[in-house]
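>>> structural data only, the sequence is not supplied:
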């Protein structure tokens, strides 16, 4: 009898610890949709132009998907980094200092967060910036996910996308 | 030498008699606690930490086994209802827990026990629901009801004061069996204060 009791005790304790590690009861209100080529990068002379225009009603296979009604958020963001080749031929991150925001907002640190803001007509999340660069060899790396910002009390929307004309989401270019 | 033998014999006899008397005393003096067959308890841990009202009744069948039932209700007024926005998937509203306990210690005032229980539980769960407003699809978080039955076990410790008052600690876990929307496990965790009569 004592042996059985010991077995049962061990089984219960094991169950308790197993239960502590389970995470099935977590809930993240998150919806992922896909829409290609929503980010665009252009280089002209010494200026890098990065833009992102996301329709609020995002076309999908069946019905369009309403980002704003789902997320209750007027802002979406995506991240990108800018690197410059140093004299040793190695890439190093740079923080651009000359940035002109055409649409939306920028948060600039080790990487750049481009924030697309829903326009006054509530039809398009808009972001566009011009970055003026000194001469050198550069590389821009785009993280191709546009995520709703501060979707509190609602569902966070992630749009998986790609960069127009740059399937690898990375572009090397030279400014003379 | 003979006197020494008599004295030794007398001493051994007295010792043996004393030992017999002690054994008899242990066997025949029954703790007053064991004569009391009923116990009611309130769960202070869940009351303070989780806003749950937990009340238990336990009936002692013999010195080893007891059966009981715990009722636990979530008092929604005790907390801000942030279930729709927090990161938990389920919210247990009520639990009814019949149980059987086996005392692992022989002491009546201070004992460990093993428990097997059935947990009838119900509450709410969240899920994402896609709606359409005639123009586009959109997704919202909706809350729905569930109910389920769990089987589980726990271990516990009881300490009696003044032959009537009890502190009862237990920890265990049960697994819900029938509903995929319910929490897969239910915890059995409590600090109970009670009275035995």
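Thanks, I have it. In this text the structure is predicted, and so the values were computed from the model without any measurement. Numbers count the residues shown, from 1 in each chain, chains lettered A, B, ... in the order given.
>>> residues in contact with residue 72?
As the question left the chain open, I've gone with chain A. Residues near residue A:72 by Cβ atoms under 8 Å, 6 or more residues apart in numbering or on different chains: A:151, A:152, A:153, A:154. For every residue, glycine as well, the C-beta is placed using N, CA and C.
>>> other chain: chain B
B:43, B:46, B:52, B:53, B:54, B:55, B:94, B:95, B:96, B:97.
>>> same question, residue B:69
Neighbouring residues of residue B:69 by Cβ under 8 Å, 6+ apart: B:56, B:57, B:96, B:97, B:98, B:99.
>>> quick one: the helices in the chain, in order.
Using chain A. In chain A, the segments counted as helices under DSSP state H are A:2-21, A:67-71.
>>> you answered for a different chain; I wanted chain B.
So, for chain B - with DSSP H - the helices run B:2-28, B:32-35, B:44-50.
>>> pLDDT averaged over the last one, what's the number?
Rounded to a whole number, the mean pLDDT of helix B:44-50 is 81.
>>> equivalent analysis for the shortest one, please.
The average pLDDT for helix B:32-35 rounds to 79.
>>> pull out the buried positions in it.
Buried residues in helix B:32-35, counted by 16 or more other Cβ atoms under 10 Å in any protein chain shown: residue B:33.
>>> quick check: domain ranges of chain B?
Domains of chain B are assigned by automatic domain parsing as B:1-30, B:35-196.
>>> which one of those lies nearest to residue A:120?
Nearest to residue A:120, of all the domains of chain B, is domain B:35-196, at 19.1 Å by Cβ to Cβ.
>>> ends of the closest one, what's the gap?
End-to-end distance of domain B:35-196: 10 Å, with Cα to Cα, to the nearest Å as the criterion.
>>> show me what contacts residue B:182?
Neighbouring residues of residue B:182 by Cβ under 8 Å, 6+ apart: B:90, B:121, B:123, B:125, B:146, B:147, B:148, B:176.
>>> kindly recompute the last result at 7 Å.
Counting by Cβ atoms under 7 Å, 6 or more residues apart in numbering or on different chains, residue B:182 touches B:90, B:146, B:148, B:176.
>>> so which of those are also by chain A?
residue B:90 (Cβ under 7 Å from any Cβ of the partner chain).
>>> give the buried subset of the contacts of residue B:182 as a PyMOL selection command.
To isolate the buried ones among those in PyMOL, judged by 16+ other Cβ under 10 Å, type:
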select buried, chain B and resi 90+146+148+176
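>>> distance to chain A added to the contacts of residue B:69, as TSV?
Listed next are the contacts of residue B:69 as TSV, based on distance: Cβ to the nearest Cβ, whole Å:
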residue	distance to chain A
B:56	19
B:57	23
B:96	20
B:97	15
B:98	17
B:99	13
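>>> the biggest strand by length in chain A - what's its average pLDDT?
When chain A is parsed with DSSP state E, its longest strand is strand A:75-85. For strand A:75-85, mean pLDDT rounds to 95.
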